[in-house]
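Q: Show me how the following folds:
(chains A and B)
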Amino acid sequence: MKKRELESIIQNILDRLTEEGRINGPARVMLERPPREELGDFSTNVAMLLSRSEQRPPRQIAELIVPSIDALECVARSTVEGPGFINIHLKKECWYEVLKEILEKKHSYGDCPHVGEGKKVQVEFVSANPTGPLHIGHGRGAAVGDALSNILKAAGYDVTREYYINDVGRQMTILGHSLYIRYLELLGKDVTLPGDHYQGDYIRHIAEEFLKRYGREHAQTPFDECRELFIEFAKDSILSGIKKDLEDFGVRFDHWFSEKTLFERNLVEATIEELKGRGVVYEKDGALWFRTTMFGDDKDRVLIKNDGSTTYFASDVAYHHEKLRRGFHTIVDVWGADHHGYAPRMRALLSALGEDPERLRIILIQLVSLKRGGKPVAMSTRKAEFVTLREVMDEVGRDAARFIFLTRKADAHLEFDLELAKSQAPENPVYYVQYCHARIMSILEFARERGITVPDTPSVELLGRLELKEELDLIKHLSRLDEVVETAATSLEPHRVTFYLRELAALFHPYYNTHRVVSEDKTLSSARLILCRATAEVVRKGLGLLGVDAPSRM
RNA sequence: GCGCCUGUAGCUCAAUGGAUAGAGCAACUGCCUUCUAAGCAGUGGGCUGGGGGUUCGAGUCCCUCCAGGCGCGCCA
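A: This is a model prediction of the structure:
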């Protein structure tokens, strides 16, 4: 029995009672889980919600509803408790169908296509400037954005993953010039890298590549005559490094959107014209302003500076206009938390264009504080002392890194301890869940060797052998996967899946420890193997949503 | 000064406005001749930063104060 299913059954009961005039209704039935298991499998507060309009105490209303619920096929009993909760205990036979469903649907179990209904959603994440390698903070953004994309897809959305490349502007010039200086340095010239340039060693490495490709060809060329060459070379080199890092991290984007193309296609200009047409821009002090204060922003924002160049914000405006034009129902932007101040002006843009600002959903990724054996690791982007995603991946492994990034809400600070993440000790959370899967695979292998079969379409009699409380608890938890996917998708909170998986593993491990799956009792073994298979299926599915492998052996 | 975020067990964090607020780690005590001990069983741990309000009901919503973080450029 699935929550959603029972919900609609009980909704029908209330609609009928309303029709019959026994209550004034209408009421929306929402099922929830009681805090303690003695209180039943599900509960509803509908009587309490009706109390006001009915002018009666909630318990009285509840008593009126309960008989109809009690009469349902799958209900063992339902009771009124506390201030007016209706608690529902289901018959255990109703839970077995969950196992059948899992074995039938396999990898698609847990999907809930009715949530997204195929609506187009774009998730833009990472979008780090192509001026240096990805650091650990980008890694968190990548893990969150990618897992969220997986979850949205499972929830029935048509998802596009996009990376926005800031490949124009002053910092690109500085990047190119940094490479130029390092190149001259390699040629033995007496040059120094200005303080506002990129200091990292990676520029030196790029300079070596440049030297290999072009030799001494540009030893005498003034920067102004070869800037594009240096900029492009540095950018391409860094970008391909970023792509490689992300690929190794298990993240693949559908689109790499270049800011430069916005200008090439005149989209920045066109968007500004559109805003002009809507009467939300004005000139002041020689600059062109977007009146974002009309839509809840603190102050108006400049689009075109008094020197005639456009601002970074102007590009963003054009980019988001373009996102809307591409027909995305919802646009998800994953930003570093330090950019939170940009939210009001971006929402203002949607409002100004006559769109519902709710179509833009912003996820803020809080800082990762890196530790090593409990001691903080200093990070400063300026000095290029930061720890790169590559280093973290190499040291702790992809799975551990991704899983740990997803153990917290995105907007909560995350403490990432390198020692802990790479340790193969119990305190490492990723192994707890993966081990559950590996363990089950091993049990299935063991059973196979003994010739014990696991039917694909088990009979109810066979499943009826699963009578232990631990077994029913496991099944009930397995039944919740689609609820978790739905909530994670609508709230844009992938960490919910992580918590769900930990709970699932926490039900399986003790079960394994106290009861033998494979025993002399052939039918019982068979039934338990089905439960194991279903559990493994759900673990694999859940880890897959997080982008983490489910190993068969550990 | 203004705005946003955070404040929950010793530490790191959970908890669609629901009932007696939960995990993990750390601490302590046990369990491998068995389908994987990367596991399990047990023990302690709390005025959810303070105060007010909204309502049947608040960790959750509103106001206020306190503490911490971040943001407040014709920078990118």
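
Q: Can you check my assumption that A:Val121 lies in a strand?
A: Yes. Remark: A:Val121 belongs to a strand, assigned using DSSP: H, G, I helix; E, B strand; the rest coil.

Q: Wondering if the helix or strand of chain A with the lowest mean pLDDT reaches RNA strand B at all.
A: When the helices and strands of chain A are scored by mean pLDDT, DSSP states H and E, strand A:375-376 comes last with a mean of 72. No. Using Cβ under 7 Å from any atom of the strand, strand A:375-376 stays clear of RNA strand B, with a minimum separation of 11.2 Å. Where C-beta positions appear, they are placed from N, C-alpha and C, glycine not excepted.

Q: In its sheet, which strands sit next to that strand, and in what direction?
A: strand A:368-372 (antiparallel) (DSSP bridges).

Q: where in chain A is pLDDT low?
A: Low-confidence segments of chain A (pLDDT under 70): A:25, A:378-385, A:424-427.

Q: For the stretch 251-400 of chain A, just list every one of the helices.
A: In the stretch 251-400 of chain A, the helices defined using DSSP state H, counting those that start in this stretch lie at A:259-264, A:267-277, A:312-325, A:343-352, A:389-396, A:398-405.

Q: Report the inter-axis angle for the fourth one versus helix A:267-277.
A: Which is helix A:343-352. For helix A:343-352 against helix A:267-277, the angle between stretch directions is 70 degrees (axes from the mean of the first three to the mean of the last three Cα atoms, to 10 degrees).

Q: Show me what helix A:343-352 packs onto, helices and strands only.
A: Helix A:343-352 sits against strand A:287-290, helix A:312-325, strand A:360-365, with contacts defined as 3 or more Cβ pairs under 8 Å, 6 or more residues apart in numbering; DSSP states H and E.

Q: I'd like the ones you listed as CSV, with mean neighbour count appended.
A: Shown next, in CSV, are the helices and strands packed on helix A:343-352 (neighbours: other Cβ atoms under 10 Å):
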stretch, mean neighbour count
strand A:287-290, 20
helix A:312-325, 20
strand A:360-365, 19
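
Q: From start to finish, how long is stretch A:146-166 in a straight line?
A: Between the opening and closing residues of stretch A:146-166 lies a distance of 20 Å (Cα to Cα, to the nearest Å).

Q: anything in it sitting right up against RNA strand B?
A: Yes. Interface with RNA strand B: stretch A:146-166 contributes A:Asn166 (Cβ under 7 Å from any atom of the strand).

Q: What of stretch A:61-78?
A: No. Figure legend: stretch A:61-78 not in contact with RNA strand B (Cβ under 7 Å from any atom of the strand); closest approach 10.4 Å.

Q: For that stretch, measure first residue to last.
A: Terminal-residue distance, stretch A:61-78 (Cα to Cα): 14 Å.

Q: likewise stretch A:48-67?
A: End to end - Cα to Cα - stretch A:48-67 spans 17 Å.

Q: if I look at the residue sitting nearest the centre point of chain A, how far off is RNA strand B?
A: By Cα atoms, centre = their mean, chain A has its centre lying nearest to A:Leu148, at 2.3 Å. Using Cβ to the nearest atom of the strand, to the nearest Å, one gets 14 Å for the distance from A:Leu148 to RNA strand B.

Q: related to what we said a few turns ago, can you lay out the helices and strands packed on helix A:343-352 as JSON lines showing distance to A:Gly116?
A: Formatted as JSON lines, the helices and strands packed on helix A:343-352 follow (distance: least, Cβ to Cβ, whole Å):
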{"stretch": "strand A:287-290", "distance to A:Gly116": "32"}
{"stretch": "helix A:312-325", "distance to A:Gly116": "18"}
{"stretch": "strand A:360-365", "distance to A:Gly116": "14"}
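
Q: Just tell me which of these ends up closest to A:Gly250.
A: strand A:360-365 (17.6 Å; Cβ to Cβ).

Q: Those residues of the stretch 151-300 of chain A touching RNA strand B, which are they?
A: Going by Cβ under 7 Å from any atom of the strand, the residues of the stretch 151-300 of chain A near RNA strand B are A:166, A:168-172, A:284-287, A:298-299.

Q: Nearest to A:Met393, out of those residues: which one, please.
A: A:Asn166 (23.7 Å).

Q: For that closest one, which non-adjacent residue is closest in space?
A: Closest residue to A:Asn166 apart from its sequence neighbours, by Cβ to Cβ, 6 or more residues apart in numbering: A:Asn129 at 4.8 Å.

Q: repeat for A:Gly84
A: Take A:Gly84 and drop its neighbours on the chain: the residue closest to it by Cβ to Cβ, 6+ apart is A:Pro58, 2.8 Å away.

Q: Next: A:Ser258.
A: Nearest non-adjacent residue to A:Ser258 (Cβ to Cβ, 6+ apart): A:Ile165, at 4.9 Å.

Q: what's the burial count for the one you found?
A: 18 (other Cβ atoms under 10 Å).

Q: That one and A:Arg345: what is the separation?
A: A:Ile165 sits 21 Å away from A:Arg345, going by Cβ to Cβ, to the nearest Å.

Q: and if you look at A:Thr535?
A: In terms of Cβ to Cβ, A:Thr535 sits 48 Å off from A:Arg345.

Q: give me the element the residue of chain A most remote from its centre is part of.
A: No residue in chain A sits farther from the centre than A:Gln220, which is 50.1 Å out by Cα atoms, centre = their mean. Assigning secondary structure by DSSP states H and E places A:Gln220 outside every helix and strand.

Q: Next, work out how far apart A:Val548 and A:Thr498 are.
A: 9 Å.

Q: Also A:Gly176?
A: Distance from A:Gly176 to A:Thr498, by Cβ to Cβ: 41 Å.

Q: Who has more neighbours out of the two?
A: A:Thr498 (27 against 21).

Q: quick one, what contacts the more buried one?
A: A:403, A:406-407, A:546 (Cβ atoms under 8 Å, 6 or more residues apart in numbering).

Q: May I have the host helix or strand of it as CSV, with CA atoms only?
A: Under the criterion of DSSP H and E, A:Thr498 resides in helix A:495-514. Extracted C-alpha coordinates of helix A:495-514, given in CSV (Å, rounded to 0.1, in the frame of the first residue of the first chain):
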residue,chain,number,x,y,z
HIS,A,495,20.0,15.3,0.9
ARG,A,496,16.6,13.7,1.7
VAL,A,497,17.6,10.8,-0.4
THR,A,498,20.9,10.4,1.5
PHE,A,499,19.0,10.3,4.8
TYR,A,500,16.5,7.9,3.4
LEU,A,501,19.2,5.5,2.3
ARG,A,502,21.0,5.7,5.7
GLU,A,503,17.7,4.8,7.4
LEU,A,504,17.2,1.9,5.0
ALA,A,505,20.6,0.5,5.7
ALA,A,506,20.0,1.0,9.4
LEU,A,507,17.0,-1.3,9.0
PHE,A,508,18.8,-3.9,7.0
HIS,A,509,22.0,-4.4,8.9
PRO,A,510,20.4,-5.4,12.2
TYR,A,511,18.0,-7.7,10.4
TYR,A,512,20.9,-9.4,8.8
ASN,A,513,22.7,-9.7,12.1
THR,A,514,19.8,-11.4,13.9
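
Q: got the angle for it vs helix A:398-405?
A: If you take the same axes, to 10 degrees, helix A:495-514 sits at 110 degrees to helix A:398-405.

Q: in helix A:495-514, what counts as buried?
A: For helix A:495-514, burial by neighbour count (16 or more other Cβ atoms under 10 Å) applies to A:495-498, A:500-502, A:504-505, A:507-508, A:511-512.

Q: With stretch A:89-109 instead?
A: In stretch A:89-109, counting by 16+ other Cβ under 10 Å, buried: A:89-90, A:92, A:94-103, A:109.

Q: just stretch A:223-238 next, same as before
A: In stretch A:223-238, counting by 16+ other Cβ under 10 Å, buried: A:226-227, A:229-231, A:233-235, A:237-238.

Q: Sitting in helices, which of the residues you listed do you find?
A: A:226-227, A:229-231, A:233-235, A:237-238 (DSSP state H).
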